[in-house]
Structure formats: structure tokens, C-alpha cells
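Peer 1: sequence unknown, structure follows:
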């Protein structure tokens, strides 16, 4: 089942933990030094949930579709 992933880029502190955990879902913008979501609908719910839990500022949201 796919989940919808969103990331509040204004809240992101650029720690890159989400990218380390789910490189197929999250990317990093070198200019803004913040993460972003490039795969909005993800099949790997476990990976995305782990990334959301690891985020120190809780800027990742996961919604079931």
C-alpha cells in the first residue's frame, strides 16, 4: 500500500537522516541545505515511517492513501 509523504522544508534543519534511511524517497538541495521529497507516493511505508521517526524536528508527515 502506498503512503503519501510530505516534508515541511521550512522546518527542515538539513540533518539528512531521512536521506540516509530512504534515499529513494528523499533528496537534498545543496543550495537551501534542506531535504525534499521527490517520491510523494512511496510503497515502502516502513522506511518512510522510520525516517519520520528519526527526524529531529518532526517535519515529515506520512498519510495512508
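Peer 2: Perfect, thanks for sending it. What you see is a predicted model, and the numbers here were worked out from it, not measured in a lab.

Peer 1: give me every residue that touches residue 16.
Peer 2: 28, 35 (Cβ atoms under 8 Å, 6 or more residues apart in numbering). Where C-beta positions appear, they are placed from N, C-alpha and C, glycine not excepted.

Peer 1: Would you mind measuring from it to residue 30?
Peer 2: 11 Å (Cβ to Cβ, to the nearest Å).

Peer 1: Next: residue 7.
Peer 2: For residue 7 relative to residue 30 (Cβ to Cβ), the value is 16 Å.

Peer 1: What of residue 37?
Peer 2: Residue 37 is 16 Å from residue 30, by Cβ to Cβ.

Peer 1: ditto for residue 41
Peer 2: Distance from residue 41 to residue 30, by Cβ to Cβ: 25 Å.

Peer 1: which of these two has more neighbours?
Peer 2: residue 41 (11 against 7; other Cβ atoms under 10 Å).
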